[in-house]
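Visitor: Next input, structure requested:
(one chain, ligands or ions: 1)
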Amino acid sequence: MSDLLLEAKDLVVNYGPVAALEGVSIEVNRGEIVALVGANGAGKSTLLKTLSGLVRPATGHITFEGTEITRTPAHRIVSAGLVHVPEGRHVFPRFTLRENLVAGAYTGDFRSAAKRADEIIASTPILARRAGSTAGQLSGGEQQWLVVERALMGNPTMIMLDEPSMGLSPVLADQILELVSQLRDRGVTVLLVEQNALGAMEIADRVYALGTGSILYSGTSAELRDNEHFADQFLGVVSADAEAAAAPNPPQEK
Ligand SMILES: Nc1ncnc2c1ncn2[C@@H]1O[C@H](COP(=O)(O)OP(=O)(O)OP(=O)(O)O)[C@@H](O)[C@H]1O
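Guide: This next block holds a predicted model:
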């Protein structure tokens, strides 16, 4: 079996006059965690929406497990094993945790989904201690955890997470990234959008950096950490040269 799981080639996406993606190509191999980083408005969410069939590209191609899915309806893409968890922790607030999880089992029968939901709750400390609550009563971090577990209920091959740590305290954000890193051990391939580039790179095998509609950098986390230009732009690490250039001139001797 090929290692290449998802391939997007030369994707162009326009929202009316706004060019959101201008020829974006990425590859995700089976078993990898790939991070997609970039500033606000760079096109990260648009890329995930395009891969999951919610937004149609003007041109370009997407294949998943060797099958072209560029024009496949979104629900079929989910059934094929590619699941998208959009930004914003969309739980069903009045449903219990169990009901929320069962809602994620879009295939299979209710009884086995309910049994699996109970097992997930019992084996996940962050959810087990809130087992009697409705999803709307959970904290942001607990809700995010629930949403990721719900997306896993259909046994996807690959999950795409849009900013799962957004708005969480640093401790909770670390917990969510830890959960994401465990997904690889559970056999799930991950494409992770994160503005917290440093945190994402700690758990990612490879990284793509997007800047207003185009891929500016790609490489392993280690390669990009050593790339001064990438670090300047995406990690907020100012290189020694840039610092020297920005420093005020020393007073001239008279
Ligand atoms: N529905 C839409 N209609 C028009 N323009 C849109 C729409 N959605 C996104 N855009 C524009 O497309 C560009 C890419 O937006 P996108 O949301 O994909 O970026 P992003 O990198 O995910 O940003 P953020 O980190 O803020 O979520 C931006 O210029 C944005 O304003």
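Visitor: Nearest residue to the residue of the stretch 101-250 of the chain found nearest the ligand in space, please, no chain neighbours.
Guide: Residue nearest to the ligand within the stretch 101-250 of the chain (Cβ to the nearest ligand atom): residue 195, separated by 6.0 Å. Bear in mind the C-beta positions are built from the backbone N, C-alpha and C, glycine included. Sequence neighbours aside, residue 163 is the residue nearest to residue 195 in space, at 6.4 Å (criterion: Cβ to Cβ, 6 or more residues apart in numbering).
Visitor: cool, residue 100 as well?
Guide: residue 135 (5.0 Å).
Visitor: which ones are touching that neighbour?
Guide: Remark: with contacts taken as Cβ atoms under 8 Å, 6 or more residues apart in numbering, residue 135 is in contact with 91, 92, 93, 94, 95, 96, 97, 100, 143, 146.
Visitor: Now that we have those residues, which of them are buried?
Guide: Neighbour-count burial (16 or more other Cβ atoms under 10 Å) applied to these gives 91, 96, 97, 100, 143, 146.
Visitor: so which pair among the residues you listed is furthest apart in space?
Guide: The largest separation in these, counting by Cβ to Cβ, is between 96 and 143 at 13.1 Å.
Visitor: Would you mark the buried spots in the one helix or strand residue 191 maps to?
Guide: Residue 191 is part of strand 189-193 when elements are defined by DSSP states H and E. Residues 189, 190, 191, 192, 193 are the ones in strand 189-193 that count as buried (16+ other Cβ under 10 Å).
Visitor: The stretch 101-250 of the chain: helices as residue ranges?
Guide: Secondary structure of the stretch 101-250 of the chain (DSSP state H, counting those that start in this stretch): helices at 110-123, 125-128, 140-152, 170-185, 197-203, 221-225, 228-230, 240-246.
Visitor: where in the stretch 151-254 of the chain is pLDDT low?
Guide: Residues of the stretch 151-254 of the chain that meet the criterion pLDDT under 70 lie in 237-254.
Visitor: Quick check: residues of it near the ligand?
Guide: residue 195 (Cβ under 6 Å from any ligand atom).
Visitor: Could you count how many residues lie near the closest residue in space to residue 203 that isn't next to it in sequence?
Guide: Distances taken as Cβ to Cβ, 6+ apart put residue 181 closest to residue 203, at 4.0 Å, once the chain neighbours are dropped. For residue 181, the neighbour count with other Cβ atoms under 10 Å is 15.
Visitor: what's the spacing between residue 181 and residue 202?
Guide: Separation of residue 181 from residue 202 (Cβ to Cβ, to the nearest Å) stands at 8 Å.
Visitor: Next: residue 230.
Guide: Applying Cβ to Cβ to residue 230 and residue 202 gives a distance of 15 Å.
Visitor: between the two, who's got more neighbours?
Guide: Between residue 230 and residue 202, counted using other Cβ under 10 Å, residue 230 has the larger neighbour count: 21 against 15.
Visitor: looking at it, that one is touching residue 220, isn't it?
Guide: No - the pair residue 230 / residue 220 is not scored as a contact, 11.7 Å apart, by Cβ atoms under 8 Å.
Visitor: can you tell me which residues contact residue 13?
Guide: 19, 20, 21, 43, 46, 50, 55, 56, 57, 58.
Visitor: Helices - which of these land there?
Guide: 46, 50 (DSSP state H).
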